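> Starting from these lines, generate the structure:
(chains A and B)
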There are 2 protein chains.
Amino acid sequence: MKRKVFYLSDSTGLTAENLGKSLLTQFPNIQFESVTRPFVDTPEKAQKIAVEINQVSQTSSDRPIVIDTIVNFEVSDIISSADCFYIDIFSTFLSPLEKELKVKSAHHVGHMPIFKEDSRLVDKNYMQRIDAVHFALANDDGMQLNRYADADIILIGVSRTGKTPSSVYLGMQYGIKAANYPLIPDDLEINKLPSALKDHQKKLFGLTIRPARLSEIRNERKPNSNYAALRTCVDEIRQAETLYRQYRVPYIDTTQLSVEEISARMLQRAGIERRVKSL
Amino acid sequence: MKRKVFYLSDSTGLTAENLGKSLLTQFPNIQFESVTRPFVDTPEKAQKIAVEINQVSQTSSDRPIVIDTIVNFEVSDIISSADCFYIDIFSTFLSPLEKELKVKSAHHVGHMPIFKEDSRLVDKNYMQRIDAVHFALANDDGMQLNRYADADIILIGVSRTGKTPSSVYLGMQYGIKAANYPLIPDDLEINKLPSALKDHQKKLFGLTIRPARLSEIRNERKPNSNYAALRTCVDEIRQAETLYRQYRVPYIDTTQLSVEEISARMLQRAGIERRVKSL
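Reported below is the predicted structural model:
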């Protein structure tokens, strides 16, 4: 039987989820089943969830695990009184922080900090992210070669190595303007950097992937095509990696990585400063 | 003087950052300055950062705050011995969890769970997210009206209300296929749902925003244009909201919300099940 996990938050629930995942993946032999309940910001909503938690507890062999980032103690107290194993981020860390900082916390509902503090910084962060996402879309798949001068980074790679999601994520999370350019077979056969990229060599970052994995991914798109054939993938990847080495383009193997990991590693390797300040 | 904060992680650092932001925004009167150091996964890297932390401590009036999601104790022990106020997520919660679950944790470096566990689930999650991001791009700005049948949700709204970033985020985070359709003045003046949307009324979700804020955002794009004029924004928003009410399209005011919050709220309001399982 799977162990039930509740992620509770008075905001989106993303922080509770991420933290919970990091903790629970340390128990690979236990099967978990999670639900996220965002925007739990009133005692009434908390009461309903407490009832739900107690029901799970009564009908399962084990009480559920609750991971909670609710700031308002009036709300989180209702949750903590339910029958569960309770991980409460705020009550755990807020008091020690208050002591260290020698002030009481505001202790209100935590909106995403992008809309807090200095409203000009907020606006700047917001515009940076939105502009960067729009940039990624407009410069996806080599669509607007003339705007490479404005790019912070240009991702290159053969089809289905993860260029598009990575470009978008770089914009969304870090406010980085990422263009991407697909290396098509015509590009690869000449063994030279495509002419559109020549003036921007320092901005290039290569993506690669294990050919067997690439073939799987391409087969989902176009089953049994020449495009998806292992042979094709082996050839394209070999040619792309040769190109990267020849032009000293840094590159990353995306086979085992999530979009989040690809993006964070690229930023670190390329030494690019994020444009969105975190606090 | 700003209080220095280090977010340390053996992976991307996103969990440490999100958690830290939630905690530190509870102290609105203190100015923080944060740096994120991802992929701290060897004692050597930890040693370098410990030196950096000690330097900050010696040159500031207050020791830095360190928020750490490093799983490997050999690595995190080096950090904790530096002169800092230390918030260690793993050592705080892992032991109580081990007791509750009655097993020892694997306690290894925590990759994003998307690449753990059942590899078929992993693949499915990965493909869902990537496909959904590609879908959002292909169906941005009313580009492919014929694919609305495949959409999970269709965001509508006047220009610059946040449709595009929200569509992309829904794909990236939740694997939801979101198309979006811009309500242009021609659409608004007829006081009817644009014909392209008629067959998909149940999938529609409206975005709105305070006219003054919309005017600010549009002015960043096209300063002093009729498009950005407050008068134009007031009219367009009034017409769009009338349309939403007339056709009972649920809608959300994005003025004070981050892309993360907009997306989470829309999913909740529309009752759409996320396609990417979290664990």
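> what about the closest residue to residue A:105 other than its chain neighbours, which SS state?
Distance criterion Cβ to Cβ, 6 or more residues apart in numbering or on different chains; nearest residue to residue A:105, sequence neighbours excluded, is residue B:26 at 3.7 Å. (Glycine included, C-beta is placed from N, CA and C.) Here residue B:26 is coil, with the state taken from DSSP: H, G, I helix; E, B strand; the rest coil.
> Residue B:26 is in contact with residue A:106, isn't it?
Yes - with contact defined as Cβ atoms under 8 Å, residue B:26 reaches residue A:106; the gap is 5.2 Å.
> the more surrounded of those two?
When residue B:26 and residue A:106 are compared for neighbours, residue B:26 comes out ahead with 22 against 14, by other Cβ atoms under 10 Å in any protein chain shown.
> quick one, phi psi at residue A:36?
For residue A:36, the backbone dihedrals are phi -110, psi 130 (criterion: degrees, to the nearest 10).
> wait, it sits on residue A:7?
Yes - in terms of Cβ under 8 Å, residue A:36 counts as a neighbour of residue A:7; the distance is 4.3 Å.
> the more surrounded of those two?
Neighbours per residue (other Cβ under 10 Å) separate residue A:36 from residue A:7, with residue A:7 holding more: 25 against 21.
> Surely that one and residue A:33 touch.
No - at 11.8 Å, residue A:7 does not count as touching residue A:33 under the criterion of Cβ under 8 Å.
> do you know how far the residue lying closest to residue A:206 once chain neighbours are set aside is from chain B?
Ranked by Cβ to Cβ, 6+ apart and with sequence neighbours excluded, the top spatial neighbour of residue A:206 is residue A:251, at 3.2 Å. Using Cβ to the nearest Cβ, to the nearest Å, one gets 17 Å for the distance from residue A:251 to chain B.
> count of residues packed around residue A:251?
Applying other Cβ under 10 Å, I find that residue A:251 has 21 neighbouring residues.
> That one contacts residue A:183, correct?
No - judged on Cβ under 8 Å, residue A:251 makes no contact with residue A:183 at a distance of 11.4 Å.
> circling back: name all residues that make contact with the residue nearest to residue A:206.
With contacts defined as Cβ atoms under 8 Å, 6 or more residues apart in numbering or on different chains, residue A:251 is in contact with A:205-208, A:241, A:244.
> give me the low-pLDDT residue ranges for the stretch 51-200 of chain A?
Along the stretch 51-200 of chain A, the parts satisfying pLDDT under 70 run over A:107-123.
> And the strands in it?
Residue ranges of the strands in the stretch 51-200 of chain A, as given by DSSP state E, counting those that start in this stretch, are A:65-68, A:85-88, A:153-157, A:178-182.
> could you dump those to CSV with mean neighbour count?
Putting those into CSV (neighbours: other Cβ atoms under 10 Å in any protein chain shown) gives the following:
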stretch, mean neighbour count
strand A:65-68, 26
strand A:85-88, 20
strand A:153-157, 26
strand A:178-182, 25
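> Pull the contacting residues for the nearest residue to residue A:23 once chain neighbours are set aside.
Beyond its immediate neighbours in the sequence, the residue positioned closest to residue A:23 (Cβ to Cβ, 6+ apart) is residue B:93, lying 5.7 Å away. By Cβ under 8 Å, 6+ apart, the residues touching residue B:93 are A:23, A:87, A:92.
> Same check on residue A:262?
When contacts are counted by Cβ under 8 Å, 6+ apart, residue A:262 touches A:162, A:166, A:169, A:207, A:252, A:254.
> how near is it to residue B:143?
26 Å (Cβ to Cβ, to the nearest Å).
> And residue A:189, by the same measure?
The value you get for residue A:189 to residue B:143, if Cβ to Cβ is used, is 32 Å.
> and what of residue A:16?
From residue A:16 to residue B:143 the distance is 35 Å (Cβ to Cβ).
> Give me the more crowded residue out of the two.
More neighbours sit around residue A:16 than around the other of residue A:16 and residue B:143, counting by other Cβ under 10 Å; the figures are 29 against 12.
> Can you tell me the SS state at that one?
helix.
> cool, residue A:249 as well?
For residue A:249, the reduced secondary structure class is coil; criterion used: three-state DSSP.
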